[in-house]
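J.: Structural data only, the sequence is not supplied:
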Ligand SMILES: [Zn+2]
Ligand SMILES: [Zn+2]
């Protein structure tokens, strides 16, 4: 299973300003002073291995879209944020025709559907597009965002064969060589998370979900849902203090909650997702470091607790890795 992140930013697409690009170049040149960087190979290696990620690269600013390759000829896609535009362009460039696209929508907030009108494979009559979701009014609302006066052309302009399938929480769907399970999540207007099990590998796409006090209960259903998955894509734009402070009930979770749930769910890789549009690349790099540090510290603290004490937390073998997803990242599971 290959997971391609095409959009990882939450709420609204964010573009780099000229000042931010300028800061990256100045930062790179400052770091390069006195280094032996004559050949292109030396320069590339320096940028890849020596520069901090926020200077040499960056997170990008497209809103949620994740493409999962399962070995099937059909395409499996989660959410249609602005990231689905570049995915569509790549697919058309690759010459795909007569293809079926299964697009699972977490919910109908703009940042998760705004790229759909720009998904070029939808304009090819040889293609088939199936939108999946848990919201009963999925069809009405996806069509609604393309109605006058919000968009110049309506969804009938799509030449592909478009259909809609509504699923219930707990349902398992068999497509793209995978079993896909759906869970209802706490978010304004409700959102749905999806688990993909394919050929012995598994990933969970869970964005726009607030895990509050109920998450600490023993029988929290989300733990079973993510149990043993190789990758958990987790909505965590907030710090712990934001999530219980002024951003409580905004429908999102913290990095700390992500680590706690991934530990209990025995998840392999935890991917922090749906980044705050107000965060710079440097902020995101620090946030990632802070999240990793929390995992490390909690591992040490838990090792020091005495086994057998009622309520003592379980061991921290998981998550085995923490990453902060960025636009263009591919994970091979
Ligand atoms: Zn969102
Ligand atoms: Zn939302």
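T.: Thanks, I have the structure now. None of these values were measured; they are calculated from a predicted model. Ligands and ions are numbered 1, 2, ... in the order given.
J.: can you list the residues of the stretch 51-200 of the chain near ligand 2?
T.: Counting by C-beta under 5 Å from the ion, the positions of the stretch 51-200 of the chain adjacent to ligand 2 are residue 109. Heads up, the C-betas are built off the backbone N, CA and C, glycines and all.
J.: ok, the residue sitting nearest the centre point of the chain - contacts?
T.: In the chain, the centroid-proximal residue (C-alpha atoms, centre = their mean) is residue 273; its distance is 4.6 Å. Residue 273 makes contact with 8, 64, 207, 233-236, 325, according to C-beta atoms under 8 Å, 6 or more residues apart in numbering.
J.: Just checking: the least confident one among these is which?
T.: Within the set of the contacts of residue 273, pLDDT is lowest for residue 236 (94).
J.: The closest residue to residue 276 other than its chain neighbours: how many residues sit nearby?
T.: Computed as C-beta to C-beta, 6 or more residues apart in numbering, the closest residue to residue 276 that is not its neighbour in sequence is residue 237, at 4.2 Å. A count of nearby residues for residue 237, using other C-beta atoms under 10 Å, gives 26.
J.: and if you look at residue 268?
T.: 18.
J.: hang on, the earlier thing: who's the residue nearest to the centre of the chain bridged to?
T.: residue 235 (DSSP bridges).
J.: doesn't residue 147 fall inside a helix?
T.: No. Remark: residue 147 does not belong to a helix; assigned using DSSP: H, G, I helix; E, B strand; the rest coil, it is coil.
J.: for residue 94, phi and psi?
T.: phi -70, psi -10 (degrees, to the nearest 10).
J.: any idea how far it is from residue 295?
T.: 38 Å (C-beta to C-beta, to the nearest Å).
J.: Give me the more crowded residue out of these two.
T.: The neighbour count for residue 94 versus residue 295, taken as other C-beta under 10 Å, is higher for residue 295 (22 against 8).
J.: after the helix or strand encompassing that one comes which helix or strand?
T.: When elements are defined using DSSP states H and E, residue 295 is found to belong to helix 281-304. As assigned by DSSP H and E, the chain's next helix or strand after helix 281-304 is strand 321-324.
J.: Which of the three states applies to the residue nearest to residue 257 when sequence neighbours are not counted?
T.: Leaving aside its chain neighbours, residue 257 sits nearest to residue 211 (5.0 Å; criterion: C-beta to C-beta, 6+ apart). Three-state call for residue 211 (three-state DSSP): coil.
J.: and residue 211, what does it touch?
T.: Listed by C-beta under 8 Å, 6+ apart, the contact set of residue 211 reads 186, 222, 253, 257, 261.
J.: Same question for residue 185.
T.: Neighbouring residues of residue 185 by C-beta under 8 Å, 6+ apart: 106, 191-193, 206, 208-210.
J.: Narrow these to those in strands?
T.: Taking DSSP state E as the definition of strands, the contacts of residue 185 contribute 191-193, 206.
J.: Return the member of those residues nearest to residue 53.
T.: residue 206 (24.0 Å; C-beta to C-beta).
J.: Please name the bridge partners of that closest one.
T.: For residue 206, the beta-bridge partners under DSSP bridges are residue 234.
J.: so it makes contact with residue 235?
T.: Yes. Using C-beta atoms under 8 Å, residue 206 makes contact with residue 235 at a distance of 6.4 Å.
J.: separation between residue 43 and ligand 2?
T.: Distance from residue 43 to ligand 2, counting by C-beta to the ion, to the nearest Å: 41 Å.
J.: picking that back up, is it possible to get TSV of the contacts of residue 273 that adds neighbour count and distance to residue 285?
T.: Shown next, in TSV, are the contacts of residue 273 (neighbours: other C-beta atoms under 10 Å; distance: C-beta to C-beta, whole Å):
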residue	neighbour count	distance to residue 285
8	29	14
64	32	20
207	30	21
233	29	19
234	30	18
235	29	19
236	29	15
325	25	13
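J.: re the thing from before, for the residue nearest to residue 276, give its distance to residue 243.
T.: According to C-beta to C-beta, residue 237 stands 9 Å off from residue 243.
J.: which neighbours do those two share?
T.: In contact with both residue 237 and residue 243: residue 252, using C-beta under 8 Å, 6+ apart.
J.: Neighbours of the closest residue to residue 290 other than its chain neighbours, how many?
T.: The shortest distance from residue 290 to any non-neighbouring residue, by C-beta to C-beta, 6+ apart, is to residue 255 (7.1 Å). Residue 255 sits with 25 neighbouring residues when counted by other C-beta under 10 Å.
J.: Would you mind measuring from residue 255 to residue 208?
T.: Computed as C-beta to C-beta, the residue 255 to residue 208 distance reads 15 Å.
J.: cool, residue 106 as well?
T.: From residue 106 to residue 208 the distance is 6 Å (C-beta to C-beta).
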